[in-house]
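>>> sequence and predicted structure below; questions after.
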Amino acid sequence: QVQLVESGGGLVQAGGSLRLSCAASGRTFSWYAMGWFRQAPGKERGFVAAISPGGSTYYGDSVKGRFTISRDNAKNMVYLQMNNLKPEDTAVYYCAQNRGGNYYAGQQYDYWGQGTQVTVSS
């Protein structure tokens with residue numbers, strides 16, 4: 001059984017930074033792409049970033065240049081460094097594990113964490 005546990009969310013002022021972490025367990029972590037998604041109140045869940053098993057990275061347009069995804073296969077961890085945060089980044093952020101499909105599509109992720117709240121004040 002795969003488990004994903006996010007941490008690192010919180011309240012930050014606009015322009016600030018946060019680092020989200022996701023601890024994975026249950027299957028060979030290094031074999032799978034990992035992604036971050038977010039959902040704001042009243043909005044659909046949206047793609048934030050993904051990292052392939054080999055370390056290639058992919059970003060949503062709204063976070064390019066501000067967010068950085070990384071992974072540590074030895075620790076079964078994936079991270080999301082978020083800089084220059086904006087109020088529109090406020091959302092619940094979810095870590096997810098890809099099952100081998102399109103990295104941008106939530107339907108291609110078969111395991112999800114419980115989410116961590118990020119709130120950016122103006």
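Nice, thanks for sending it over. This one's a predicted model, so the numbers in the text were calculated from it and none came from an experiment.
>>> drop to CA atoms for contacts and neighbour counts, all remaining ones
Will do.
>>> what about residue 60, distance to residue 5?
Look at residue 60 and residue 5: by Cα to Cα, to the nearest Å, they are 22 Å apart.
>>> okay, those two: which has more neighbours?
More crowded of residue 60 and residue 5, by other Cα atoms under 10 Å: residue 5, with 18 against 14.
>>> so residue 45 is in contact with residue 36, correct?
No - look at residue 45 against residue 36 with Cα atoms under 8 Å: they stay out of range, at 10.3 Å.
>>> which of these two has more neighbours?
residue 36 (28 against 16).
>>> how about residue 107, secondary structure?
Here residue 107 is recorded as helix under DSSP: H, G, I helix; E, B strand; the rest coil.
>>> swap that for residue 65, sorry
coil.
>>> dihedrals phi and psi, the residue nearest to the spatial centre of the chain?
Centre of the chain computed as the mean C-alpha position; nearest residue by Cα atoms, centre = their mean is residue 36, 2.2 Å away. With angles defined as degrees, to the nearest 10, residue 36 sits at phi -120, psi 130.
>>> try residue 2
phi -80, psi 140.
>>> identify the residues contacting it.
24-27, 111 (Cα atoms under 8 Å, 6 or more residues apart in numbering).
>>> swap in residue 96?
4, 34-37, 109-113.
>>> check residue 35 too.
47-51, 95-98, 103.
>>> list the beta-bridge partners for it.
residue 50, residue 96 (DSSP bridges).
>>> mind checking pLDDT for it?
On pLDDT, residue 35 comes in at 98.
>>> measure it to residue 18 for me?
Distance, residue 35 to residue 18, using Cα to Cα: 17 Å.
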